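Undergrad: Sharing a model prediction with you, sequence too.
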Amino acid sequence: MKKNIVSCSVPMVFLCSSAWAISPGAAGVSGMGVTPGYVRAVPASAQNTAAYFTIENTSETALSLTGAQSDVADSVEFHQLLRNGGKGKLITMEPVASVDVPPHGKVEFKPMGLHVMFVGLKKRFFSEKQVKLTLLFSDGEKRTIELPVRALPVL
Amino acid sequence: MTRAIERQRIPMKAKAFQIALMAAVIALVSGVAMFMVLLRMTRAPLVGGNFVLAGVHGPVSLRDFRGKDVVLYFGYTGCPDACPMALGKLAKVVRQLKTEDQARIVPLFVSVDFRSDTAEKTDQYAKFFIKDAIGLTGTKAQLDEVVTRYGSSYRLEANQKTATGYTVQHAAEFYLIDSHGALSSTLPTELPDAELRRELESLR
């Protein structure tokens, strides 16, 4: 932490303060900042959807995202898009148990990469405009974020 | 007498030469033809062709779309990331085309998840992302045949790390089929918009 403050010399002040702005950090216990993204709007025929956001570890120690909860889906998982290649250039979503964020590192949950997977959407998801997502970190911290449900433009 | 024989021999020799020449020409032509066939096979192993799958109102075949250009994509309705991204890109690029070009394109979304998807579910899913898209699915045998025809593949794999109990591997490609039903090109879904647009414009 001391090192972090030292590195906030004159040109760095703005950057550091903006990093803190997105990481309220429950009484400074966790150095994890979360920038909310969105949840993809899907039709009622779809059983799953994906959530996107960015997490940033502003601390000196490695942290990881160990779980997630939401009341709009039966199960909330982390899925990584894998390119398996072969005929058709196959892709798949591989479930991962946890996501590591190195000290002063950042992990982006984004399309065609890593996403939070809402498996088994409950009926009421389809009428929601905002979805609550609780993230569980390796240091015991729980952080609840609100994500807007966003649709792709339709032709 | 010997002269007479000689006279006879000359035209016989000429005839033999003619036959030999013809044989050589035939051999050359067939050799070139075979070489071209082999070249085509190595260059374009994809054959494409007709297929029959399940649609909302019964069987749908590629032939039903003669006169239209088809963009074929293999996905599944439980796909919240790659499939919406691919369909969203296609929708965006088609919208950039001239109105008459837009009208000749039929996006076909084929679900390879024969375990969970129905034609109704697949069609509803596809139309959510592209209004004019058509969603189809099929039996395992039907899906196996169409992916093989188009040089594609898919795989449903048991996986206890996810609540659904299995994962779906599917192609990250668009298969462009011209108005005569011939496979025109196979493109990665992550192709830049401008290139996909050029390919769609050059279909016809």
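TA: Alright, I've got the coordinates. From a predicted model like this one, the values you see are computed outputs, not experimental measurements. Numbers count the residues shown, from 1 in each chain, chains lettered A, B, ... in the order given.
Undergrad: what about the lengthiest strand in chain A, near chain B?
TA: Using DSSP state E, we find that the single longest strand of chain A is strand A:73-85. Yes - looking at strand A:73-85 against chain B by CB under 8 Å from any CB of the partner chain, the contacts come from A:74-75, A:77, A:79, A:81, A:83-84. Every residue, glycine included, has its C-beta placed from N, CA and C.
Undergrad: Look through chain A and state the residue closest to chain B.
TA: residue A:88 (3.0 Å; CB to the nearest CB).
Undergrad: can you give me the end-to-end distance of stretch B:164-183?
TA: Using CA to CA, to the nearest Å, the end-to-end distance of stretch B:164-183 comes out at 34 Å.
Undergrad: distance between it and the chain's centre?
TA: 9 Å (CA atoms, centre = their mean, to the nearest Å).
Undergrad: Then stretch B:152-170?
TA: Counting by CA atoms, centre = their mean, stretch B:152-170 is centred 24 Å from the centre of its parent chain.
Undergrad: does it come close to chain A?
TA: Yes - contact of stretch B:152-170 with chain A (CB under 8 Å from any CB) involves B:152-155, B:157, B:159, B:161-164, B:167-170.
Undergrad: which residues touch the spatially most central residue of chain A?
TA: By CA atoms, centre = their mean, chain A has its centre lying nearest to residue A:53, at 4.2 Å. Residue A:53 makes contacts with A:34-37, A:109, A:116, A:145, A:147, as judged by CB atoms under 8 Å, 6 or more residues apart in numbering or on different chains.
Undergrad: Excluding sequence neighbours, find me the nearest residue to residue A:125.
TA: Distance criterion CB to CB, 6 or more residues apart in numbering or on different chains; nearest residue to residue A:125, sequence neighbours excluded, is residue A:72 at 4.1 Å.
Undergrad: Who are the contact partners of the one you found?
TA: Going by CB under 8 Å, 6+ apart, residue A:72 touches A:118, A:121-122, A:124-125, A:128, A:131.
Undergrad: Those residues: which two are farthest apart?
TA: Farthest pair in the contacts of residue A:72 (CB to CB) is A:118 and A:124. Separation: 12.3 Å.
Undergrad: before we move on, the earlier item: strand partners (parallel or antiparallel) of the longest strand of chain A?
TA: Sheet pairing of strand A:73-85 (DSSP bridges) gives strand A:90-96 (antiparallel), strand A:114-121 (antiparallel).
Undergrad: returning to that earlier point: go through the contacts of residue A:53 and give me the one with the most neighbours.
TA: residue A:116 (25 neighbours; other CB atoms under 10 Å in any protein chain shown).
Undergrad: If residue A:34 is in a bridge, with which residues?
TA: For residue A:34, the beta-bridge partners are residue A:55 (DSSP bridges).
Undergrad: Report the buried members of the residues of stretch B:152-170 next to chain A.
TA: Buried subset of the residues of stretch B:152-170 next to chain A (neighbour count, 16 or more other CB atoms under 10 Å in any protein chain shown): B:152-154, B:162-164, B:167-170.
Undergrad: Among those, which are located in strands?
TA: Reading strands off these with DSSP E, I get B:167-170.
Undergrad: from those residues, which single one is nearest residue B:107?
TA: Residue B:107 has its nearest neighbour among those in residue B:170, at 15.7 Å by CB to CB.
Undergrad: quick one: the closest one and residue B:78 touch, right?
TA: No - in this structure, residue B:170 is not within contact of residue B:78 by CB atoms under 8 Å, at 10.7 Å.
Undergrad: Where does pLDDT dip in chain B?
TA: B:1-13, B:35-46 (pLDDT under 70).
Undergrad: mind running it again at 90?
TA: B:1-47, B:203-204 (pLDDT under 90).
Undergrad: Tell me where chain B has helices.
TA: All helices of chain B, identified by DSSP state H, fall at B:2-43, B:82-96, B:99-103, B:119-129, B:140-149, B:193-201.
Undergrad: just chain A next, same as before
TA: In chain A, the helices defined using DSSP H lie at A:2-7, A:13-21.
Undergrad: What residues does the residue of chain A closest to chain B make contact with?
TA: Neighbour list for residue A:88: B:74, B:147, B:151-154, B:170-173 [criterion: CB under 8 Å, 6+ apart].
Undergrad: please redo it, this time with the cut-off set to 6 Å
TA: B:152-153, B:171, B:173 (CB atoms under 6 Å, 6 or more residues apart in numbering or on different chains).
Undergrad: Please name the nearest non-neighbouring residue to it.
TA: Take residue A:88 and drop its neighbours on the chain: the residue closest to it by CB to CB, 6+ apart is residue B:171, 3.0 Å away.
Undergrad: Beta-bridge partners for the one you found, please?
TA: residue A:90.
Undergrad: Show me what from chain A comes close to chain B.
TA: A:40, A:43, A:45-50, A:75, A:77, A:84, A:87-92, A:95, A:111, A:115, A:119, A:152, A:155 (CB under 6 Å from any CB of the partner chain).
Undergrad: Mind checking which of the contacts of residue A:72 land in strands?
TA: Residues of the contacts of residue A:72 located in strands (DSSP E): A:118, A:121, A:131.
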